[in-house]
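1. With the sequence up front, the predicted model follows.
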Amino acid sequence: MTHDAPRILMCPPEFFEVDYVINPWMDGHSGSLDLELARVQWERLRAGLAECADVVLLEPRPGLPDLVFTANAGFVYGPRAVPSHFMPHERRPEEPHLRAWFEQNGYDVRVLPENVAFEGAGDALIDRGGPWLWAGYGFRTEIEAHDYLRRWFDLEVVSIRLVDPRFYHIDTCLCPLDGGYLLYHPPAFDADSRAAIERRVPREKRIPVSVENAGHFACNAVNVGERIFMNRANGQLVDALEARGFRVSQLGLSEFLKAGGSAKCLTLKLTEPRREG
Ligand code: ARG
């Protein structure tokens with residue numbers, strides 16, 4: 001596997017907190033964060049990624065506890081960026097900062113209409129085996145947003161309906177991997193969407209993830225070349241990945257799970273690794 005190092009956007013957890021509940025994981029965690037531990041865990045992810053990627057930082061802001069989840073900053077492909085327009089109003093105050101960051105960093109910024117929710121790369125994942133985008137909808141992103149993505153990007157957009165509120169962004173239950181492999185938790189999708197996934201990705205490239213592993217956010221992984229960074233997975237899943245040539249780093253991201261996020265949510269790929277072949 002040969003690669004250009006991707007650029008990855010992260011935001012330090014300086015003002016990270018659970019002070020509202022907008023997904024089932026946050027319930028009961030208000031005020032229970034160990035911020036010192038969160039800093040250590042985040043730094044572990046940053047340092048690990050720095051071995052294979054260029055990590056770029058977004059400035060943290062007081063009062064915006066979820067800004068740390070840069071996967072939701074927007075969707076970036078090539079020179080173009082679509083900043084997120086959040087479904088929960090709790091995260092909407094992040095929007096002007098995100099849009100400004102994309103503008104100041106020279107992106108061709110496309111803005112969605114006020115009535116269309118879209119939560120960025122949390123709900124839009126580029127496949128590594130074919131030239132299409134897996135686009136989630138059902139909880140945080142509306143299917144109407146997919147039409148704009150179709151219009152603005154030279155990518156086939158495959159709409160995937162999410163049905164389990166614990167897996168409310170597609171990046172919590174599906175992860176395209178190098179070589180065209182796909183980690184996915186089948187019960188998180190409706191039957192048509194599961195069929196669409198299985199039609200596109202041959203059986204030998206699919207790696208189904210159990211509810212136990214999905215509950216540990218094993219699908220919420222960052223893959224760069226042969227490296228995979230994630231919160232945690234059991235031995236069976238780690239073996240399955242290693243048998244396909246990947247190296248898994250389990251980072252232990254407990255504090256971020258309390259907010260309903262993990263490794264992938266804490267990152268935004270600003271450049272995609274070059275596809276081989
Ligand atoms: N608390 C955040 C929210 O509910 C977590 C976001 C996780 N991001 C992700 N890409 N899955 O919006």
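-> Done, it's in. Predicted model, so just to flag it, every value in this text is computed and none were measured.

2. so after the helix of greatest length in the chain, what's the next helix or strand?
-> Longest helix of the chain, by residue count under DSSP state H: helix 35-50. Per DSSP states H and E, the first helix or strand lying C-terminal to helix 35-50 is strand 54-57.

3. Touching that following strand from outside, list them.
-> A5, P6, R7, I8, L9, M10, C11, P12, R46, L49, L270 (CB atoms under 8 Å, 6 or more residues apart in numbering). Every residue, glycine included, has its C-beta placed from N, CA and C.

4. Cross the residues you listed against helices and list the overlap.
-> Using DSSP H, the members of the contacts of strand 54-57 that fall in helices are R46, L49.

5. Show me which of the contacts of strand 54-57 are buried.
-> For the contacts of strand 54-57, a burial check counting by 16 or more other CB atoms under 10 Å picks out A5, P6, I8, L9, M10, C11, P12, R46, L49, L270.

6. and the stretch 51-200 of the chain, which residues reach the ligand?
-> D66, F69, A71, N72, R91, G122, H169, D171, T172 (CB under 6 Å from any ligand atom).

7. Adding neighbour count, distance to V201 and pLDDT, write those out as a markdown table.
-> Shown next, in a markdown table, are those (neighbours: other CB atoms under 10 Å; distance: CB to CB, whole Å; pLDDT from 0 to 100):
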| residue | neighbour count | distance to V201 | pLDDT |
| --- | --- | --- | --- |
| D66 | 25 | 31 | 98 |
| F69 | 29 | 26 | 98 |
| A71 | 29 | 21 | 98 |
| N72 | 27 | 25 | 98 |
| R91 | 22 | 31 | 98 |
| G122 | 28 | 21 | 98 |
| H169 | 29 | 19 | 98 |
| D171 | 31 | 16 | 98 |
| T172 | 30 | 18 | 98 |
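
8. Save these as TSV, and put in secondary structure too.
-> Below are these laid out as TSV (DSSP: H, G, I helix; E, B strand; the rest coil):
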residue	secondary structure
D66	helix
F69	coil
A71	helix
N72	helix
R91	helix
G122	helix
H169	coil
D171	helix
T172	helix
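
9. Pick out the lowest-pLDDT one from the contacts of strand 54-57.
-> On pLDDT alone, A5 ranks lowest of the contacts of strand 54-57, at 92.

10. Could you double-check that it sits in contact with A53?
-> Yes. Using CB atoms under 8 Å, A5 is in contact with A53, at 5.3 Å.

11. Mutual contacts of these two, please.
-> What both A5 and A53 touch, as defined by CB under 8 Å, 6+ apart, is the set V224.

12. for G129, what are its contacts?
-> Residues near G129 by CB under 8 Å, 6+ apart: P176, G179, G180, Y181, L182, V201, K205.
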